[in-house]
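**Q** turn this into a structure:
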Amino acid sequence: MSTPPAHDQETPETGQVVIRLEDGSAARGRVIDLSLGGALLHVPPTPVPLVDGAQVIAELVLAEGQRHAIPARLHLRAATTFVVVFTEMTADARELITSLVIGGFAEDETQRRRISRVRERRGAARCTFQPFERPRSPNCILVVDDDDDVRELMVELLEAAGYDVDAAGDGEQGLALLRANPDRYGAILLDYAMPNMDGFTFRQIQQADPVLSRIPVILSSATAPRYLPPLDVDAKLTKPLSAVTLLWTIESCMAGN
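**A** Numbers count the residues shown, from 1 in each chain. Below is the predicted model of the structure:
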């Protein structure tokens with residue numbers, strides 16, 4: 001049996017990610033940010049050949065030495081910055097990512113401060129990996145997105161953060177929910193590209209209705225905002241969504257409404 005490389009024999013610390021390649025070699029990094037379906041990592045210089053596009057196993061190192069392995073694809077951003085895109089998101093993995101975000105797993109100080117502020121505003125429990133209490137405000141978040149996996153992840157994350165959440169698969173369904181109970185909603189998380197009715201048309205109809213137009217809208221799109229047609233919304237986010245930024249943006253829009 002071959003001896004593991006020296007750099008992989010040390011016990012990884014809580015908050016690290018072990019990137020395991022198909023040949024058995026491994027490198028370690030730390031999470032800069034978690035998205036809905038992946039993570040941005042800082043990986044110090046390593047002799048392990050980390051190739052753009054490689055299929056890997058990303059092991060998230062949790063408290064008390066616990067680990068959770070998620071199949072992923074590796075993408076190079078810079079010399080020591082990588083993105084791992086999770087390729088198999090089970091229900092357990094989604095729940096884990098949600099709890100890690102809320103627990104302040106990322107090492108970036110700005111992200112830690114933001115999630116701490118969100119926890120304070122939502123009346124959150126202080127313990128890492130513990131769900132938030134229910135929200136103080138009755139306002140509900142409406143998620144409008146045609147991607148089933150993304151929509152489900154958003155709902156789980158927002159519910160864990162203490163919000164009530166309703167979801168719709170396109171603009172027509174979203175408008176129907178809004179019109180049925182407009183006072184229920186405190187913010188709308190709106191995808192841009194959808195069948196039946198896209199985000200652009202949804203927003204135009206919503207703005208023309210004096211009752212519905214008061215509800216802040218956060219637009220999400222895989223296309224950078226500068227390449228989209230002009231659209232008056234309260235905030236614009238580019239997919240893949242940073243989970244902490246998403247929570248921070250929603251809380252900020254609701255607080256300012």
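**Q** could you list the paired strands of the helix or strand in which residue 142 is found along with their orientation?
**A** For residue 142, the element it lies in under DSSP states H and E is strand 140-144. Its sheet considered, strand 140-144 pairs with strand 164-168 (parallel), strand 185-191 (parallel) by DSSP bridges.
**Q** of those strands, which stretch is the most buried?
**A** Of all those, strand 185-191 carries the top mean neighbour count, a mean of 25, counting by mean count of other C-beta atoms under 10 Å. (Glycine included, C-beta is placed from N, CA and C.)
**Q** what angle separates whatever helix or strand comes next after that strand from strand 140-144?
**A** For strand 185-191, the following helix or strand on the C-terminal side (DSSP H and E) is helix 199-208. When axes from the mean of the first three to the mean of the last three C-alpha atoms, to 10 degrees is applied, the directions of helix 199-208 and strand 140-144 differ by 140 degrees.
**Q** looking at the strands paired with strand 140-144, which is nearest to residue 216?
**A** For residue 216, the closest of the strands paired with strand 140-144 is strand 185-191, at 5.0 Å, according to C-beta to C-beta.
**Q** low-confidence ranges in this protein?
**A** The chain contains residues with pLDDT under 70 at 1-10, 12, 63-65, 99, 101-138, 256-257.
**Q** helices of that one, start to end?
**A** Here the chain has its helices, by DSSP state H, at 91-102, 109-121, 148-160, 171-180, 199-208, 243-255.
**Q** can you give me the angle the fourth one makes with strand 164-168?
**A** When you say that, I think you mean helix 171-180. For helix 171-180 against strand 164-168, the angle by the same axes, to 10 degrees is 140 degrees.
**Q** CA atoms of helix 171-180 as CSV?
**A** Provided in CSV are the C-alpha atoms of helix 171-180 (Å, rounded to 0.1, in the frame of the first residue of the first chain):
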residue,chain,number,x,y,z
GLY,A,171,-43.5,34.5,-13.8
GLU,A,172,-47.1,33.5,-14.3
GLN,A,173,-47.2,31.4,-11.2
GLY,A,174,-45.4,34.1,-9.3
LEU,A,175,-47.9,36.8,-10.2
ALA,A,176,-50.8,34.5,-9.3
LEU,A,177,-49.3,34.1,-5.8
LEU,A,178,-48.7,37.8,-5.4
ARG,A,179,-52.2,38.8,-6.5
ALA,A,180,-53.8,36.2,-4.2
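**Q** which strands or helices does it pack on?
**A** Applying 3 or more C-beta pairs under 8 Å, 6 or more residues apart in numbering; DSSP states H and E, we find helix 171-180 packed against strand 140-144, strand 164-168, strand 185-191, helix 199-208.
**Q** among the strands paired with strand 140-144, which comes closest to residue 38?
**A** strand 185-191 (17.7 Å).
**Q** quick one: contacts of the closest one?
**A** The contact list for strand 185-191 (C-beta atoms under 8 Å, 6 or more residues apart in numbering) reads 137, 139-147, 150, 154, 166, 174, 178, 199, 202-203, 206, 215-221, 233, 246, 250, 253-254, 257.
**Q** how far off centre is it?
**A** Per C-alpha atoms, centre = their mean, to the nearest Å, the displacement of strand 185-191 from the mean C-alpha position of its chain is 15 Å.
**Q** adding distance to residue 237 and mean neighbour count, write the helices of the chain out as CSV.
**A** Below are the helices of the chain laid out as CSV (distance: least, C-beta to C-beta, whole Å; neighbours: other C-beta atoms under 10 Å):
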stretch, distance to residue 237, mean neighbour count
helix 91-102, 15, 19
helix 109-121, 14, 16
helix 148-160, 11, 19
helix 171-180, 17, 18
helix 199-208, 12, 18
helix 243-255, 6, 21
